[in-house]
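**Student:** here is a sequence together with a model predicted from it:
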Amino acid sequence: MKERLFTRSYIFILAANFLLYFGFWILIPVLPFYLRETYQCPATILGAVLSCYTISGLCVRPFSGYLMDKFPRKPIYILCYFICTAIFLGYIAAGVLTWFIVLRALHGIAFSSVSVGGNTLCVDITPSSRRGEALGYYGLMNNTAMALGPMTGLFMHDNVSYNGIFLTGMAFSAVGLVFAMCIKARTPESIKARQIEKQQTGIDSAAPKSKLSLDRFFLIKGIPVSISLLMLSIPYGATTNFVAMYAREINLDVPSGFFFTLMAAGMGASRLVAGKKVDQGYITQCIHIGLYPVVAAFFILSMCRFVTPYSIGTAEAMFFSVPVLLGIGFGIIFPAMNTLYINLAPNNQRATATSTYLTAWDVGIGIGIATSGVIAHYFTFYMVYLIGSVLCLVSMIYFNAKVTPHYNRNKLR
């Protein structure tokens, strides 16, 4: 008999995760236009302004993982969720670009912490025998939000004021905060053990010690896979933030919001299958398979620029095949990667493993966003995606040659 997965707390965390990411994804395709139209932000620094969100988040993510391994996770999760919700009002009040950058950086700090907390709570409240499946459904909420959020944001961009878009994002996040507060989180075994030790000996093993070491904040055994993951996330960041501008640049009159819908559909379908395969032990195999469509997708996206002058129909077909391939590939990769990090870590470093996984992803996203504007300024966006395809190919070779043997030698479960 399978252990029960869909408990009340698991359903609440799925809802909270969806609503948090929906509010997030509403803004993603709209912000480049907002910065240009409201602050006259030049293209050369557009990527740098947008990447401040990611940079600030990755700077604090390792510390949030450390704190959530040492103290009860839910209070930290709720506090950061509240900040993510309240920050939307700050966007409305910001009158100059400098204040917007500060608020965006603060949003990145809060969002990076709440994503670590939510992911780790999901692992805590679900049975280990169905962890891959649980993470698959949890990630599916992100994908569903990614399908609906950008499409909603781009639709609102044409029909509603920017303040209306910010208020909509805040409203959905506020409802998600209510669901988050309803989650019944159990205390992790590692924290229970420290509490018992403190009662018996009077010594708090979670108290700060004089000597700091890197492994308090990073999963050292996860560094090789982090290198591979970082190379994958660079073109992903460039795609999610600039694909609408790329379509306009190559004169494709297509609904860019539908791009994200197709990507989410591909992710959703592949996640459901991949999560079960991960629970059966096919972790590295899933990642191997998922890398092929990702490499192909970015190459096809870059080639759309050269096909458009000769056949708009062919270019459109190529353009919309890209999100399907990306969705299938990353939908297979994500639950397997997440589980791979968890399997490399002892139970008392579960949040640290999650933060290392998400930090590697964020570093690549930040690099992708920050460099895309500069590359596009000199070569147009097609070069961004061509370079991205090469990076993904290098990542695939590195994963097969280095990461897979490293994982097989060091996995704990």
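**Tutor:** Received it, and whenever you're ready, just let me know what you need.

**Student:** list the buried residues of the host helix or strand of residue 60.
**Tutor:** With the criterion set as DSSP states H and E, the secondary-structure element containing residue 60 is helix 43-70. Counting neighbours by 16 or more other CB atoms under 10 Å, one finds that the buried residues in helix 43-70 are 46-58, 60-70. C-beta: built from backbone N, CA, C; applies to glycine.

**Student:** same question for stretch 220-227.
**Tutor:** In terms of neighbour count (16+ other CB under 10 Å), stretch 220-227 has its buried residues at 221-222, 224-227.

**Student:** how about the helices in the stretch 301-413 of the chain?
**Tutor:** 312-344, 350-379, 381-398, 404-410 (DSSP state H, counting those that start in this stretch).

**Student:** actually the stretch 151-300 of the chain, not the one I wrote
**Tutor:** Listed in chain order, the helices of the stretch 151-300 of the chain (DSSP H, counting those that start in this stretch) span residues 162-181, 189-201, 223-249, 256-279, 283-307.

**Student:** for the last one, packing partners?
**Tutor:** When you say that, I think you mean helix 283-307. Applying 3 or more CB pairs under 8 Å, 6 or more residues apart in numbering; DSSP states H and E, one finds that helix 283-307 contacts helix 223-249, helix 256-279, helix 312-344, helix 381-398, helix 404-410.

**Student:** redo that, cut-off 7 Å
**Tutor:** Here helix 283-307 touches helix 256-279, helix 312-344, helix 381-398, going by 3 or more CB pairs under 7 Å, 6 or more residues apart in numbering; DSSP states H and E.

**Student:** just the fourth one next, same as before
**Tutor:** With contacts defined as 3+ CB pairs under 7 Å, 6+ apart, the secondary structure elements packing on helix 256-279 are helix 131-159, helix 223-249, helix 283-307, helix 312-344.

**Student:** got a markdown table for these, with mean pLDDT too?
**Tutor:** Below are the helices and strands packed on helix 256-279 laid out as a markdown table (pLDDT from 0 to 100):
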| stretch | mean pLDDT |
| --- | --- |
| helix 131-159 | 82 |
| helix 223-249 | 88 |
| helix 283-307 | 93 |
| helix 312-344 | 91 |
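
**Student:** quick one on the thing from earlier: quick check: angle from the helix holding residue 60 to helix 381-398?
**Tutor:** 30 degrees (axes from the mean of the first three to the mean of the last three CA atoms, to 10 degrees).

**Student:** and the buried residues of stretch 220-227, which is closest to residue 124?
**Tutor:** For the buried residues of stretch 220-227, the minimum distance to residue 124 (CB to CB) is 19.1 Å, reached by residue 222.

**Student:** which ones are touching that closest one?
**Tutor:** 341, 344, 353, 356-357 (CB atoms under 7 Å, 6 or more residues apart in numbering).

**Student:** what about the residue lying closest to it once chain neighbours are set aside, distance to residue 383?
**Tutor:** Take residue 222 and drop its neighbours on the chain: the residue closest to it by CB to CB, 6 or more residues apart in numbering is residue 356, 4.7 Å away. Taking CB to CB, to the nearest Å as the criterion, residue 356 is separated from residue 383 by 31 Å.

**Student:** so for stretch 140-160, what gets flagged as buried?
**Tutor:** In stretch 140-160, residues buried by neighbour count (16+ other CB under 10 Å) are 140-154, 156-157.

**Student:** for the helix or strand encompassing residue 21, packing partners?
**Tutor:** Take DSSP H and E as the rule and residue 21 turns out to sit in helix 8-27. Helix 8-27 sits against helix 97-125, helix 131-159, helix 162-181, with contacts defined as 3+ CB pairs under 7 Å, 6+ apart.

**Student:** who wins for proximity to residue 368 among those?
**Tutor:** Residue 368 lies closest, by CB to CB, to one member of the helices and strands packed on helix 8-27: helix 97-125, at 14.9 Å.

**Student:** what comes up buried for the closest one?
**Tutor:** Buried residues in helix 97-125, defined by neighbour count with 16+ other CB under 10 Å: 100-101, 103-125.

**Student:** for stretch 395-411, same thing?
**Tutor:** Using 16+ other CB under 10 Å as the burial criterion, the residues of stretch 395-411 that qualify are 395-396, 398-399, 403-404, 406-407.

**Student:** which of the buried residues of stretch 220-227 sit farthest apart?
**Tutor:** Of all pairs drawn from these, the one with the longest distance (CB to CB) is 221 and 227, at 12.7 Å.

**Student:** sort out which residues of stretch 253-272 are buried, please.
**Tutor:** For stretch 253-272, a neighbour-count test (16+ other CB under 10 Å) marks 256-271 as buried.

**Student:** who touches residue 184 in this structure?
**Tutor:** Residues in contact with residue 184, defined by CB under 7 Å, 6+ apart, are residue 9.

**Student:** let's see 10 Å
**Tutor:** In this structure, residue 184 makes contact with 7-9, 12, 74, 125, judged by CB atoms under 10 Å, 6 or more residues apart in numbering.

**Student:** and what of residue 89?
**Tutor:** Contact criterion CB under 10 Å, 6+ apart gives 103, 166-167, 170 as the residues in contact with residue 89.
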